[in-house]
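> Pasting a predicted model and its sequence here:
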Amino acid sequence: MLRFPGTVQLPEGPLPVQLVGFPAARLGDVRGWRAGFSDLSLEEIAGRLRPRPVRLTGPSVSDDAEAVRFWLRSRAQAERFAVASFLLRGQRFEEVTLPLLGQGWQPLVARLPDSFRGAQLVGLAFPTQVSQAELDQGFIDVGAVEQRVDGRWTNLASLDGWGAGRLPDAPVGRTVARDFGRAGHGDGIRYFLYGTFRAFVRPQIELPRALPALVSEEAARAIVDGRLHVDLPVGAALSIDVIGTAKLFPTVMEAPGRFLVLDYDTLFAALNVEYPGEAPPSEAWFFEPQAPGFAARLDRPPFRVRSALGVERLEAANREDPLAAGARFVLALTAVIAAFLGLLGLVLAVRSTLTAERTLLAEYEALGVGRG
């Protein structure tokens, strides 16, 4: 599960909201959902949140890979080095910094620790330490990407389908597919900097123009023509397609009436495709019964969680809480007293009825009416 802050603009000013990424296919397993929260059922919400699959993916490193090699050359006006971004199992991000790029083809090697096994390459940045580099009109060639397995270099992937990263309201670079076969480096891309402030290339992810979301009633006041615009802390913005509204969503929030619920994979891809690692997953929810020793295994890949709590453990801990135990004792004592008073009232009522009938029978006998 993913939580990320954002802001929507209301007529009276900005409204902080929380973007909640939840797997649409698991909405039916959410505990605490009530039919009165929304006019839509959970099945309808799930279908609208994920009308088509969207996922952040890139070339996958083999489980046996010892290193990755990038063939690069720079014709940029400023000295630049390369930073490769990897998406690890468990959806954690790690970066590997490579040496300075030269004007000729260079094999830049990144050695991979065991935690990188099965990782995916999801970004390649070309930063510089020169302050005027945003005026750079040069280009960078990216050739073959290779991996070393059992001491042999093999082709990992071609980046000829990758595109330039984008910044809002800023110059944007451009990629062009190139064949570097004559140089022995296969298919790749030529990345024209075009004065961009952030030189970055990434896989092409087909994100919807507006991300489908279930919106709280308070945030819904900012809807214009069925859409919301959410400003993010990184300076970017998301366009939201409102598929429905809800009073509450069953999870813990500081402001329960200010939320946008999106499909997890879609939100994860939208927030990390331009800024890998900007919004890592923050929670892990498990719906199946936990096997013995399950929590102890969460400190190893693919998980890196500090602690794992099951509903049963939380319920037991809350029952032993002094305030909860005291409240249970007071309620139990109140129930016993109420039962005693109710029984006493019933006895008094029966006795009163019998006394009243005895007087009435005596009057009938005085008038000569038999008991019959």
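Yep, it's here. Predicted model only: the values in this text are computed from it and were never measured. Numbers count the residues shown, from 1 in each chain.
> From the chain's centroid, how far away is the helix or strand encompassing residue 69?
Element membership for residue 69 (DSSP states H and E) is strand 65-74. Relative to its parent chain, strand 65-74 has a centroid offset of 31 Å by CA atoms, centre = their mean, to the nearest Å.
> Likewise for stretch 101-121?
Using CA atoms, centre = their mean, the offset of stretch 101-121 from its chain centre is 28 Å.
> Residue 67 and residue 111 touch, don't they?
Yes: with contact defined as CB atoms under 8 Å, residue 67 reaches residue 111; the gap is 4.8 Å. (C-beta placed from N, C-alpha, C; glycine too.)
> neighbour-wise, which of those two wins?
A side-by-side neighbour count of residue 67 and residue 111, using other CB atoms under 10 Å, places residue 67 first with 16 against 10.
> quick one, what contacts that one?
109, 110, 111, 112, 147, 148 (CB atoms under 8 Å, 6 or more residues apart in numbering).
> What of residue 249?
Residue 249 touches 20, 37, 214, 216, 256, 259, 261, counting by CB under 8 Å, 6+ apart.
> And it, how far from residue 336?
Residue 249 sits at a distance of 39 Å from residue 336 (criterion: CB to CB, to the nearest Å).
> What pairs with the strand holding residue 69, parallel or antiparallel?
strand 106-111 (antiparallel), strand 139-149 (antiparallel) (DSSP bridges).
> Between those, which one is closest to residue 195.
strand 139-149 (11.9 Å; CB to CB).
> chain center to the closest one: distance?
31 Å.
> Residue 147 contacts residue 121, correct?
No: assessed by CB under 8 Å, residue 147 is found out of contact with residue 121, at 9.8 Å.
> show me where the stretch 51-200 of the chain has strands.
Along the stretch 51-200 of the chain, counting by DSSP state E, counting those that start in this stretch, strands occupy 65-74, 81-87, 93-100, 106-111, 120-125, 139-149, 152-157, 163-164, 174-179, 187-192, 200-202.
> Could you tell me which ranges of the stretch 1-150 of the chain sit under the pLDDT cut-off?
131-134 (pLDDT under 70).
> Kindly recompute the last result at 90.
Low-confidence segments of the stretch 1-150 of the chain (pLDDT under 90): 1, 9-13, 26, 28-35, 77-78, 89-91, 114-115, 117, 128-136.
> Output the contacting helices and strands for the longest helix seen in the chain.
Longest helix in the chain, counting residues (DSSP state H): helix 322-366. When contacts are defined as 3 or more CB pairs under 8 Å, 6 or more residues apart in numbering; DSSP states H and E, helix 322-366 packs onto helix 311-320.
> Quick one: mean pLDDT for the helix it packs on?
Averaged over helix 311-320, pLDDT sits at 65.
> buried set for stretch 1-20?
Across stretch 1-20, burial judged by 16 or more other CB atoms under 10 Å covers 2, 3, 4, 6, 7, 8, 15, 17, 18, 19, 20.
> Could you identify the pair within these that is furthest apart?
Using CB to CB, the buried residues of stretch 1-20 span at most 20.2 Å, a distance reached by 2 and 15.
> so how far is the longest helix of the chain off the chain centroid?
That offset, for helix 322-366, works out to 57 Å (CA atoms, centre = their mean).
> about what we covered before: so can I have CSV of the strands paired with strand 65-74 showing distance to residue 272?
Shown next, in CSV, are those (distance: least, CB to CB, whole Å):
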stretch, distance to residue 272
strand 106-111, 20
strand 139-149, 20
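> Between these, which one is closest to residue 239.
strand 139-149 (30.2 Å).
> Can you work out which residues contact both of residue 147 and residue 121?
By the contact definition CB under 8 Å, 6+ apart, residue 147 and residue 121 are jointly contacted by 61, 68, 156.
> thinking again about what came up before, for residue 27, which of the strands of the stretch 51-200 of the chain is the nearest?
Nearest to residue 27, of all the strands of the stretch 51-200 of the chain, is strand 81-87, at 24.5 Å by CB to CB.
> roughly how far apart are residue 178 and residue 140?
From residue 178 to residue 140 the distance is 11 Å (CB to CB).
> more crowded one of those two?
Neighbours were counted for residue 178 and for residue 140 using other CB under 10 Å; residue 140 has more, 24 against 17.
> May I have the residues that are in contact with that one?
72, 73, 74, 75, 76, 80, 101, 126, 190, 191, 193, 199.
> Export these as JSON lines, with columns for neighbour count.
Converted to JSON lines, these look like this (neighbours: other CB atoms under 10 Å):
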{"residue": "72", "neighbour count": "26"}
{"residue": "73", "neighbour count": "20"}
{"residue": "74", "neighbour count": "24"}
{"residue": "75", "neighbour count": "13"}
{"residue": "76", "neighbour count": "22"}
{"residue": "80", "neighbour count": "23"}
{"residue": "101", "neighbour count": "22"}
{"residue": "126", "neighbour count": "26"}
{"residue": "190", "neighbour count": "16"}
{"residue": "191", "neighbour count": "30"}
{"residue": "193", "neighbour count": "27"}
{"residue": "199", "neighbour count": "26"}
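> from these, which single one is nearest residue 343?
residue 199 (82.7 Å).
> for the stretch 201-350 of the chain, which spans come out with low pLDDT?
In the stretch 201-350 of the chain, residues with pLDDT under 90: 206, 224-226, 232-237, 250-257, 275, 278-333, 342, 344-350.
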